[in-house]
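Asks: with the input below, show me the fold.
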Amino acid sequence: MKQKQLNFVTQKAALPIVYVIVGLGVLNWIGSWKFAGGLVGWFSNTVVKGKYSDPIMPDSNV
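Replies: I've put the predicted structure just below:
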């Protein structure tokens, strides 16, 4: 972006969102499926029986 101020605001707005996404992925990775499912259950349809299933993408190797 050519406007420095808009570029700065966009970066500062995107950073917390990225941290939340990465944090949810780490929670799922370390085995806290129920906790991650409780955090995202109100806006995601990937929570099945309280478990946050496939937070990134479905695995075709299973």
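
Asks: mind pulling up the pLDDT for the closest residue to K34 other than its chain neighbours?
Replies: Nearest residue to K34 in three dimensions, chain neighbours excluded: G50, at 5.3 Å (C-beta to C-beta, 6 or more residues apart in numbering). For the C-beta atoms, the positions are set from N, CA and C on the backbone; glycine is no exception. At G50, the model reports a pLDDT of 71.

Asks: please report the distance of G50 from A13.
Replies: Distance of G50 to A13, given as C-beta to C-beta, to the nearest Å: 31 Å.

Asks: do the same with T46
Replies: 24 Å.

Asks: looking at these two, which one has more neighbours?
Replies: T46 (13 against 9; other C-beta atoms under 10 Å).

Asks: may I ask which helix or strand encompasses I17?
Replies: Taking DSSP states H and E as the definition, I17 sits inside helix 4-29.

Asks: show me what that helix is packed up against.
Replies: helix 33-40, strand 51-52 (3 or more C-beta pairs under 8 Å, 6 or more residues apart in numbering; DSSP states H and E).

Asks: need the pLDDT of the most centrally placed residue in the chain.
Replies: By C-alpha atoms, centre = their mean, the chain has its centre lying nearest to I21, at 2.7 Å. Reading off the confidence values, I21 has pLDDT 82.

Asks: just checking: what are the partner strands of the lowest-mean-pLDDT helix or strand in the chain?
Replies: Within the chain, confidence by mean pLDDT, DSSP states H and E is lowest for strand 51-52 among all helices and strands, at a mean of 72. Partners of strand 51-52 in the sheet, by DSSP bridges, are strand 47-48 (antiparallel).

Asks: next, count neighbours for G50.
Replies: With other C-beta under 10 Å as criterion, G50 counts 12.

Asks: which residues are in contact with it?
Replies: 33-34, 37-38, 41 (C-beta atoms under 8 Å, 6 or more residues apart in numbering).
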